[in-house]
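> Okay, predicted coordinates and the sequence, questions at the end:
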Amino acid sequence: MDTITLRLFQSEDAPWLIERHGTLYAREAGFDGTFAPLVAKIITDYLARHDPAREAGWIAEAGGRRLGSIFCVAQSADVAKLRLFLLEPEARGRGLGQRMLGHCMDFARAKGYAGMTLATHESHRAACALYARNGWQIAQTRPVRAYGCDLLEQTWDIAFH
C-alpha cells in the first residue's frame, strides 16, 4: 500500500463518505437504508456549521484512494465528539485506525477540550477495543432498535489530564 496521508475533509468527499458508511454498515452490521441518510445529515450539518478553529474532519488516503475518515466536533465548550470514524476493510489491521484516533485526540487536546465522547455499538468490537486501549471508558450502554437492528448502543468518554 502506498504511503497513507491524513488530509482535511472537503465537501467533494461527502458522496464517498455517505456511500461507504451505508455500504459497509449494511454489509458488516446489517444496517438498513436509514443509516446513510443519517450520515448525510451529519455531513451536511458539519459543512454548514462547523467551526474550523475547533472542529475538523480528516480523510485517510493512499495513492489517491480514500481509505477512511474521522471527525472531531464540539459537543460542548469543553467536550469534543468523535464522529464518522470509518476504515475500508483493506486498510484495517495495519495501525491506521490507531493513527487516526491519535490524530483526532491530539487535535482535541490542542484545541483545549477537556475530554471527548463518542457513540457506537457493542457489535463494533475492533473499534471498541481500540478505544479501550487508548484510555476511553464506557459511560453508558443501552439497548436500542435502530437501522433495522436490535443493538447495544454505547457511549464512550475520555478525560484529558
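That came through fine.

> hang on, residue 101 packs against residue 133?
No. Applying Cβ atoms under 8 Å, one finds residue 101 not in contact with residue 133, separated by 9.3 Å. Where you see a C-beta, it was placed from the backbone N, CA and C, and this is true even at glycine.

> the more surrounded of these two?
Neighbour totals were compared for residue 101 and residue 133, and residue 101 leads with 21 against 10 (other Cβ atoms under 10 Å).

> Check which helix or strand that one maps to.
Assessed by DSSP states H and E, residue 101 sits inside helix 96-110.

> residues of that helix that come out buried?
Going by neighbour count (16 or more other Cβ atoms under 10 Å), the buried part of helix 96-110 is 96-97, 100-101, 103-105, 107-108.

> which residues are common contacts for residue 101 and residue 133?
Residues touching both residue 101 and residue 133 (Cβ atoms under 8 Å, 6 or more residues apart in numbering): none.

> ok, back up a step: hmm, who's touching the helix holding residue 101?
4, 6, 56, 58, 60, 67-68, 70-72, 80, 82, 85, 87, 116, 126-127, 130-131, 133-134, 158, 160.

> check which helix or strand covers the most centrally placed residue in the chain.
Per Cα atoms, centre = their mean, the C-alpha nearest to the average position across the chain is that of residue 85, at 2.1 Å. Using DSSP H and E, residue 85 maps to strand 79-87.
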